[in-house]
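# pasting the sequence and the predicted coordinates here, then a few questions.
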Amino acid sequence: MFLSAARSDLNPIFSDNKIKLGIFHINGPGGARTLVPENFKPSWDDSVDAAIAADEAGFEAIVPYSRWTSEATPGHQSGTTFEPFTWAAGIGSRLRHSCVMSTCHVMHVHPIFAAKAVATADHICNGRFALNVVCGWIPSDMKMFGHADIGVAGRYAYADEWTAILKRLWTEDTEFDFEGKYLKVESGYSRPHPIQKPYPALMNAGGSDEGQNFVGKHCDIAFIRTETHEWMKNRAASYRRFVAEAHGRAVQIWIQAYVVQRDSYVEAIRYVDYYAVEQADRAHVDAIMKIRNRPLSPEENATYRRNLGAGPGGLPLLGNAHDIANELIALSRLGIDGVLMTWVDVRESVRRFGREVVPLLEQAGYRKPLRQ
Ligand SMILES: Cc1cc2nc3c(=O)[nH]c(=O)nc-3n(C[C@H](O)[C@H](O)[C@H](O)COP(=O)(O)O)c2cc1C
């Protein structure tokens with residue numbers, strides 16, 4: 001007999017902590033485009049160690065990314081990433097508290113495989129698994145899989161069919177047929193179902209109107225771009241309003257951030273200057289600039305390059321423990337439910353964050369202490 005229970009009772013991603021915490025990108029190079037020797041390298045032992053540090057600090061989420069080709073030249077370290085389903089299931093088997101997600105690109109993985117992989121991982125993780133569904137466009141990944149460019153509307157129409165099949169495989173007791181524009185399933189069936197009812201949480205980072213509609217229809221978490229505080233506040237509010245009005249549902253809003261914790265803000269900024277500018281992996285930054293290909297003024301160019309060096313995107317969380325805790329509290333007040341974070345020296349830094357920042361969030365009433 002398999003256990004089954006409401007996901008809100010099993011999965012910390014649904015906790016009522018006012019600011020939820022996650023670690024991002026440790027199935028590959030940690031996210032910073034830098035040559036400093038302390039930068040995270042994706043060995044299995046080190047990713048387990050970093051995930052255990054986050055688990056012990058009470059983080060709600062451990063999230064890998066889905067990247068299949070190098071972002072720079074062939075053989076560049078950005079092309080060395082663990083496959084997210086296998087990685088996440090292995091990591092989840094070692095943790096006691098956190099939710100582990102897989103990140104899955106809909107066009108690279110058939111939904112029948114994804115449904116069974118998530119269900120299996122949910123059993124491995126005792127109902128603490130979730131899925132980040134991506135519909136990205138990274139040209140080298142799409143080319144390697146042989147996918148034609150079907151445009152943003154096409155990708156989300158594909159994702160809509162993919163996710164409809166996934167949910168039916170997770171929830172229906174009888175076989176079903178599905179025939180869409182892109183996907184066809186005959187006598188669809190998948191057992192076991194996930195432990196979590198009705199099914200594991202879905203996250204998506206779509207930025208387009210089509211992406212937002214996909215989140216509204218199917219997802220529990222919107223992973224939004226980070227811009228100014230005012231922009232994120234408006235975006236969080238408008239996202240919630242849209243999802244409530246168009247789809248009658250509620251979603252959580254998460255963002256990403258890169259963290260440098262030092263004894264002072266000045267020290268943290270100096271370290272960013274060092275690792276993200278002076279020691280930036282320039283070939284890697286150049287390659288990303290080329291993919292994104294946006295016209296920029298010289299000042300915008302310098303800021304953009306610095307951000308690309310510092311992390312895989314997102315907001316800077318810099319300074320001492322108080323500075324970082326205060327910024328996380330400010331984000332919660334803007335309507336942000338969770339932050340997925342990256343660090344350069346991930347393993348040590350997450351432990352320091354757990355010792356120094358998490359207790360401040362607990363004292364301020366933004367998080368509850370983890371029950372041992
Ligand atoms: C924080 C974040 C993480 C993302 N992770 C991935 C990823 O791992 N793999 C991928 O192919 N795309 C990833 N994307 C791309 C998104 O899935 C999405 O395609 C992108 O935000 C553009 O939005 P759109 O698809 O609505 O145009 C990510 C985007 C964001 C903002």
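Ah, there it is. Residues are numbered from 1 along each chain as shown.
# from here on, just use CA atoms for contacts and neighbour counts.
Noted.
# how about the strands in the stretch 1-150 of the chain?
Taking DSSP state E, counting those that start in this stretch as the criterion, the stretch 1-150 of the chain contains strands spanning 5-6, 20-24, 61-63, 99-105, 129-134.
# export these to TSV and tack on distance to the ligand, mean pLDDT and mean neighbour count?
Formatted as TSV, the strands of the stretch 1-150 of the chain follow (distance: least, Cα to the nearest ligand atom, whole Å; pLDDT from 0 to 100; neighbours: other Cα atoms under 10 Å):
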stretch	distance to the ligand	mean pLDDT	mean neighbour count
strand 5-6	27	96	14
strand 20-24	9	98	25
strand 61-63	9	98	27
strand 99-105	6	98	26
strand 129-134	4	98	25
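# can you list those strands in a markdown table and add distance to P298?
Shown next, in a markdown table, are the strands of the stretch 1-150 of the chain (distance: least, Cα to Cα, whole Å):
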| stretch | distance to P298 |
| --- | --- |
| strand 5-6 | 52 |
| strand 20-24 | 30 |
| strand 61-63 | 34 |
| strand 99-105 | 34 |
| strand 129-134 | 32 |
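# so which of those strands is nearest E230?
strand 20-24 (20.3 Å; Cα to Cα).
# and that closest one, what does it pack onto?
helix 44-56, strand 61-63, strand 338-342 (3 or more Cα pairs under 8 Å, 6 or more residues apart in numbering; DSSP states H and E).
# where does the residue nearest to Y271 when sequence neighbours are not counted fall, phi/psi-wise?
Spatially, and ignoring its direct neighbours in sequence, Y271 is nearest to V260 (7.7 Å; Cα to Cα, 6 or more residues apart in numbering). When read as degrees, to the nearest 10, the backbone of V260 gives phi -130, psi 110.
# ok, now which ones touch A236?
A236 sits next to 253, 334-336 when contact means Cα atoms under 8 Å, 6 or more residues apart in numbering.
# report the buried residues of the host helix or strand of it.
Assigned by DSSP states H and E, A236 belongs to helix 229-247. By neighbour count with 16 or more other Cα atoms under 10 Å, helix 229-247 contains the buried residues 232-233, 235-236, 239-243.
# quick one: distance of it to the chain centre.
Mean C-alpha position of helix 229-247 versus that of the full chain (Cα atoms, centre = their mean, to the nearest Å) differs by 19 Å.
# that one close to the ligand?
No. Applying Cα under 6 Å from any ligand atom, one finds helix 229-247 separated from the ligand by no less than 12.7 Å.
# I'd like the average pLDDT over that helix.
The predicted model gives helix 229-247 an average pLDDT of 95.
# tell me the contacts of the residue most central in space within the chain?
Residue closest to the average C-alpha location in the chain (Cα atoms, centre = their mean): V63, at 4.7 Å. Listed by Cα under 8 Å, 6+ apart, the contact set of V63 reads 22-26, 88, 100-103, 132, 340.
# wait, which of those residues is closest to T226?
Distances from T226 to the contacts of V63, taken as Cα to Cα, are shortest for L340 (11.4 Å).
# any idea how far that closest one is from the ligand?
Look at L340 and the ligand: by Cα to the nearest ligand atom, to the nearest Å, they are 8 Å apart.
# hang on, isn't that residue packed against W254?
Yes. Using Cα atoms under 8 Å, L340 and W254 qualify as a contacting pair, with a distance of 7.3 Å.
# what about those two, which has more around it?
Per other Cα atoms under 10 Å, whichever of L340 and W254 has more neighbours is W254, with 26 against 22.
# and that one, that's in a strand?
Yes. According to DSSP: H, G, I helix; E, B strand; the rest coil, W254 belongs to a strand.
# turn the contacts of V63 into CSV, including distance to V48.
Listed next are the contacts of V63 as CSV, based on distance: Cα to Cα, whole Å:
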residue, distance to V48
G22, 15
I23, 12
F24, 13
H25, 13
I26, 9
A88, 10
V100, 12
M101, 14
S102, 15
T103, 17
N132, 20
L340, 17
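# those: which two are farthest apart?
Pairwise distances across those peak at 15.6 Å for A88 and L340 (criterion: Cα to Cα).
# close to the ligand: what parts of the stretch 101-250 of the chain are there?
Contact residues (Cα under 6 Å from any ligand atom) of the stretch 101-250 of the chain with the ligand: 105, 134-136, 138, 152, 205-208, 211, 223-225.
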